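What follows is a predicted structure for the sequence shown.
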Amino acid sequence: MYKQQNVDLLKRITVDPAVMVGKPTIRGLRITVEQILKALAGGVTVDELLEDYPELEREDIQAVLLYASERISEEQVFALNTG
């Protein structure tokens, strides 16, 4: 069963065509899930993100990671016959 905590975290991720051309954002802010993931992948720490974006909360970062993991869990990979 899906934990209520995960449900609450995912509610922090919003999609609105009028905000950042419909990319998933954090709580409707102009901060995208993509921005946060790229920053983390680039070596920026959570504490640095929270300092750079004072409107963010630690739970927002958790929500981004959970959202990304949920999206990847739906991904399917198929072998291609090339010959």
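Good, I have the coordinates. Numbering: from 1, shown residues only.

Okay, helices next: where are they in this structure?
Using DSSP state H, the helices of the chain run over residues 4-10, 33-41, 46-52, 58-73.

Report all helices and strands that the lowest-mean-pLDDT helix or strand in the chain contacts.
Every helix and strand of the chain was ranked by mean pLDDT, DSSP states H and E. The lowest is helix 4-10, at a mean of 92. With contacts taken as 3 or more Cβ pairs under 8 Å, 6 or more residues apart in numbering; DSSP states H and E, helix 4-10 sits against helix 58-73. Where C-beta positions appear, they are placed from N, C-alpha and C, glycine not excepted.

Could I get the buried residue list for the helix it packs on?
Buried residues in helix 58-73, counted by 16 or more other Cβ atoms under 10 Å: 60, 61, 63, 64, 66, 67, 68.

Give me the mean pLDDT for stretch 69-83.
Across stretch 69-83, pLDDT averages out at 85.

Can you give the contact residues for that stretch?
Residues outside stretch 69-83 that contact it (Cβ atoms under 8 Å, 6 or more residues apart in numbering): residue 10.

what do you get for stretch 3-16?
Contacts of stretch 3-16 (Cβ under 8 Å, 6+ apart): 22-28, 33, 59-60, 62-64, 66-67, 70.
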